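Asker: below are the sequence and a predicted model; questions follow.
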Amino acid sequence: MCTLPRALLFVALVSAGLLHAQEASNAAEVSPAAPAPQATTQNTPVNAKQLATVVVQATAVPGGAVLDADKVPGNVQSLSASDLTRNGSASMTQALNAQLGSISINDNLDDPFQPDILYRGFEASPVLGTPQGLAVYQNGVRINEAFGDTVNWDLFPDMAINRVQVVSSNPVYGLNALGGAISVDMKNGFNYTDGELELSGGSFGQRSAAAEYGANNGTFGIYAAAKTLDEDGWRDFSSDSLRQFYTDLSARTDRLSLDLSYTHAENQLDGQGSAPAQELAISRRLVFTGPQANDNKLNFVALNGTYKATDNWSVQGVLYYRQFSQSVANGNTTDYTACTSAAASGSLCQSDGLTPVVNAAGQNLPDISDGGAVPIGENDFETINSYGRGATLQASNDQSIFGHDNQFTVGATFDYAHTNFYSGAQIGVINAQLSVLPSDLIIDTAESSPFGAVPVILGANDRDAGGYVTDTFNVTPNLALTASGRYDVAHIDLQDQRGTSLTGNSRFSHFNPAIGGTYKLTPTLTAYAGISTNTRTPTASEIECSDPTKPCLLPSNLAGDPPNLRQVVAHTAELGLRGKIPDGSSVSDGISWNLSAFRTNSFDDIYGISTSVSSGFYQNIGSTRREGLEAGFNYQTDRWSAYVNYSYIYATFQSAIQLPSPSNPYQDADGNIEVRPGDRLPGIPKNRVKMGVDYAFTPQWKLGASMIVVSSQFYFGDESNQNQQMPGYHVVNLHTSYQVARNVEVFGSIDNIFNAKYATYGIYSDPTGIGAPGVPADGVTNGPGVDNRFYSPAAPTAVYGGVRVTF
């Protein structure tokens with residue numbers, strides 16, 4: 001069992017740049033610059049349960065001085081702390097998926113705490129090797145992990161989140177912000193002054209306890225939160241265990257604002273991933289090859305501060321240290337087979353049947369498949385230990401120029417991380433539950449082998465430096481123009497700890513500009529337009545796994561001597577309208593709405609090409625395009641709260657490419673498919689509709705419902721769009737809460753109330769050779785009676801409930 005740290009390693013001084021949306025005026029405000037979270041200078045206590053009144057679409061860019069959200073030349077969306085608990089216990093990923101436009105989930109790992117989050121067709125995923133197209137911040141620190149730019153959503157302590165901002169493409173967010181950025185602002189003793197204990201549980205053996213407390217004396221504040229959750233899971237072998245802790249020490253004066261925060265997590269997650277369609281037709285609980293286990297640990301300290309130097313100038317800064325470790329056990333099918341040569345009879349060979357597989361002593365591994373009569377697989381292991389630190393310093397000025405309002409920010413960031421990476425493989429027999437049994441048959445393949453090195457022992461140093469500037473100038477009281485720019489330099493140095501073939505260094509640099517404007521057509525209606533450029537650099541895992549002749553085990557293992565990858569450059573154009581129709585009762589009541597259109601062209605896009613369910617490689621594939629429409633509607637009164645969000649996203653290849661897809665029924669004689677310009681990217685549905693409504697029957701009792709409708713999407717491995725799409729789906733959820741007493745609330749929810757059977761992720765792969773239920777025993781991939789479709793089944797109907805006690 002994991003335990004929370006005993007020592008109160010308090011904390012991250014959360015310096016200055018994330019915005020706290022200000023509600024003092026008729027318009028929410030946002031910070032216009034880059035990643036130095038800004039602690040609020042307001043000392044007024046805020047009860048978290050009152051945060052629902054914040055305007056949902058007012059967002060902030062991490063940075064310095066606050067900026068009227070209506071001056072941001074792009075679509076902005078936000079979630080408050082109470083939005084995260086709309087359906088019960090706080091969950092950021094569920095709230096993002098259920099409530100915000102252009103966001104969807106791919107359950108690649110099929111674990112509720114490890115989703116792939118997509119925004120406008122760009123991903124932020126915990127899966128190493130997924131092309132990461134979103135920048136994610138916590139209190140102004142970019143938390144895309146150093147090795148692979150992954151985002152581990154389970155490491156966020158959801159109960160301690162104060163606000164989530166989703167912002168479209170903007171270069172001041174730095175690397176990976178191709179589609180946009182997700183910025184998370186945490187609670188402290190000044191924005192949360194309460195105490196709460198929550199006990200909850202429900203379907204699939206889930207049981208959870210969480211507590212939080214915040215207070216201040218006007219100068220010093222403290223906040224702390226902790227959560228423990230255990231769940232048996234609804235699929236076989238799919239248990240989860242979360243242990244999360246967050247605390248913040250704050251100080252406020254008239255000129256100085258400081259926050260020191262600490263985030264800790266120790267999580268054990270056993271999402272079982274996709275399985276063959278024929279197997280899942282027998283039971284959706286079944287899994288395909290195990291074990292599948294991820295153990296994540298995090299220690300993250302940040303010190304943030306804001307100093308108001310003059311009436312117009314302020315300085316913001318952040319220092320941080322982040323230590324992340326991950327251990328992965330991944331049971332897979334294998335290409336190792338019984339040797340066919342007489343000289344190696346009784347031994348295991350590589351896929352050619354001629355080259356013996358050896359251990360570290362150079363001894364041939366025995367053929368435990370008994371000539372192919374017994375199904376065998378491999379347990380692939382990886383460990384990542386990453387140690388990162390960094391700093392951001394920026395200055396902001398809001399002095400008017402010739403009588404015109406102006407807000408200016410300039411800043412610089414530096415991030416450094418060292419990562420130790422190990423991956424290895426062990427051969428074992430596959431039992432009746434399709435789990436690969438442990439053994440002492442450890443594979444040792446030389447780096448000079450044409451089959452790829454095993455194990456891989458690698459050190460990686462990642463150095464990123466960036467400078468940025470942004471300025472918003474009011475040409476007239478109604479017209480505001482914003483110009484921004486950022487220059488990034490990234491160095492990736494690899495040190496092979498086993499040989500020399502992985503050793504190398506890469507350097508990438510690029511200047512990314514943006515310009516846009518907003519025009520207030522009426523006091524409650526604003527038009528906006530903007531263009532921007534954003535980049536992402538290849539990660540260490542992509543650079544060293546980009547040789548098509550040596551596919552790597554996904555999501556982890558690396559291959560040697562790869563061709564070079566080029567950085568991805570994305571150009572975005574966006575225009576839209578947003579407005580509000582107040583009902584006169586309060587600033588936040590009434591109707592707010594938005595309508596926008598966008599197009600992002602990505603050049604030298606990096607694509608993960610799967611050669612099987614567990615192996616593949618990366619390469620630049622030319623150009624891709626993601627374009628679409630977004631429309632949002634929110635209505636709020638004292639008793640009613642409702643929203644509708646629609647998004648249309650058309651994501652396509654724009655270059656002709658040939659891709660290997662050996663499990664695609666339409667592959668050619670060489671196992672390839674031909675992708676044409678205009679073919680749709682897999683895993684990205686065109687249409688999404690999200691709607692929800694809550695009604696307070698009495699001051700004590702609230703009842704609500706939500707629905708998500710998603711259209712069909714293509715399977716991964718069918719980039720040529722020749723096969724039938726994975727079906728669309730709709731899911732309906734119910735939730736309710738009742739205030740039993742002044743300090744006691746009970747709540748409950750029913751997820752997927754109509755027990756819809758659907759999936760959010762699918763891929764073509766080989767289901768044969770291991771005795772999977774429903775798959776013909778003598779079948780071969782693409783052979784008669786064999787269905788090569790895999791998908792990750794979504795959870796059935798689930799019921800949860802709990803009680804909250806405030807003090």
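Answerer: Cool, the structure landed. Residues are numbered from 1 along each chain as shown.

Asker: got the residue ranges for the strands in the stretch 451-600 of the chain?
Answerer: 456-474, 479-496, 504-522, 525-536, 552-553, 568-582, 590-603 (DSSP state E, counting those that start in this stretch).

Asker: following the last one, which helix or strand comes up?
Answerer: In other words, strand 590-603. Next helix or strand after strand 590-603 toward the C-terminus (DSSP states H and E): strand 606-610.

Asker: re the thing from before, want to try TSV for the strands of the stretch 451-600 of the chain, with distance to residue 715, mean neighbour count and mean pLDDT as columns?
Answerer: Where C-beta positions appear, they are placed from N, C-alpha and C, glycine not excepted. Converted to TSV, these look like this (distance: least, C-beta to C-beta, whole Å; neighbours: other C-beta atoms under 10 Å; pLDDT from 0 to 100):
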stretch	distance to residue 715	mean neighbour count	mean pLDDT
strand 456-474	29	21	94
strand 479-496	32	20	95
strand 504-522	32	17	95
strand 525-536	25	22	97
strand 552-553	21	26	58
strand 568-582	23	19	95
strand 590-603	21	20	96
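
Asker: so for residue 337, which of those strands sits nearest?
Answerer: For residue 337, the closest of the strands of the stretch 451-600 of the chain is strand 552-553, at 16.7 Å, according to C-beta to C-beta.

Asker: neighbours of residue 799, how many?
Answerer: Counted with other C-beta atoms under 10 Å, residues neighbouring residue 799 total 13.

Asker: tell me the gap between the helix or strand hosting it and the middle of its chain.
Answerer: Assessed by DSSP H and E, residue 799 sits inside strand 798-806. Centroid separation between strand 798-806 and its chain, computed with C-alpha atoms, centre = their mean, to the nearest Å, is 26 Å.

Asker: cool, and stretch 209-219?
Answerer: 28 Å.

Asker: run through who's touching that stretch.
Answerer: Residues outside stretch 209-219 that contact it (C-beta atoms under 8 Å, 6 or more residues apart in numbering) are 43, 45, 89-90, 159-160, 187-200, 221-228, 250-253.

Asker: one more: stretch 667-682?
Answerer: Outside stretch 667-682, the residues within contact range by C-beta under 8 Å, 6+ apart are 121, 624, 626, 650-662, 664, 666, 686, 713-722, 782.

Asker: list the buried ones in the top strand by length along the chain?
Answerer: Scanning the chain for the strand with the most residues, using DSSP state E, yields strand 406-429. Using 16 or more other C-beta atoms under 10 Å as the test for burial, strand 406-429 gives 406-413, 415-429.

Asker: and residue 130, what is it in contact with?
Answerer: Going by C-beta under 8 Å, 6+ apart, residue 130 touches 108, 116, 123, 150, 555, 608.

Asker: for residue 167, state which of these is nearest.
Answerer: residue 123 (16.3 Å).

Asker: for the closest one, give its distance to residue 629.
Answerer: Taking C-beta to C-beta, to the nearest Å as the measure, residue 123 falls 20 Å from residue 629.

Asker: with neighbour numbers in mind, choose between these two.
Answerer: More crowded of residue 123 and residue 629, by other C-beta under 10 Å: residue 123, with 23 against 16.

Asker: where does the more buried one fall, helix, sheet strand or coil?
Answerer: Using DSSP: H, G, I helix; E, B strand; the rest coil, the structure places residue 123 in strand.

Asker: quick check: bridge partners of it?
Answerer: Residue 123 has the following beta-bridge partners by DSSP bridges: residue 118, residue 132.

Asker: I'd guessed it sits against residue 129; true?
Answerer: No: judged on C-beta atoms under 8 Å, residue 123 makes no contact with residue 129 at a distance of 11.2 Å.

Asker: spit out the contact partners of residue 632.
Answerer: For residue 632, the contact set (C-beta under 8 Å, 6+ apart) comprises 57, 77, 101, 593-595, 643-646.

Asker: all helices in this protein, in order from the N-terminus.
Answerer: With DSSP state H, the ranges of helices along the chain come out as 81-84, 92-99, 277-280, 540-543.

Asker: tell me which of these lies nearest to residue 350.
Answerer: In terms of C-beta to C-beta, the element of these nearest to residue 350 is helix 540-543, at 22.9 Å.

Asker: still on that earlier bit, which helices and strands does the strand holding residue 799 pack with?
Answerer: If you count contacts as 3 or more C-beta pairs under 8 Å, 6 or more residues apart in numbering; DSSP states H and E, strand 798-806 packs onto strand 195-202, strand 744-751.

Asker: TSV for the ones you listed, including distance to residue 260?
Answerer: Formatted as TSV, the helices and strands packed on strand 798-806 follow (distance: least, C-beta to C-beta, whole Å):
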stretch	distance to residue 260
strand 195-202	21
strand 744-751	31
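
Asker: which of those sits closest to residue 142?
Answerer: Shortest separation from residue 142 across these is recorded for strand 195-202, at 29.7 Å, computed as C-beta to C-beta.

Asker: so which elements touch the closest one?
Answerer: Helices and strands touching strand 195-202, by 3+ C-beta pairs under 8 Å, 6+ apart, are strand 206-216, strand 798-806.

Asker: list the contacts of the closest residue to residue 104 other than its chain neighbours.
Answerer: Nearest non-adjacent residue to residue 104, counting by C-beta to C-beta, 6 or more residues apart in numbering: residue 118, 4.9 Å away. Residue 118 makes contacts with 103-106, 683-684, as judged by C-beta under 8 Å, 6+ apart.

Asker: and those residues, which is closest to residue 589?
Answerer: Nearest to residue 589 among these, with distances taken as C-beta to C-beta, is residue 103, at 25.4 Å.
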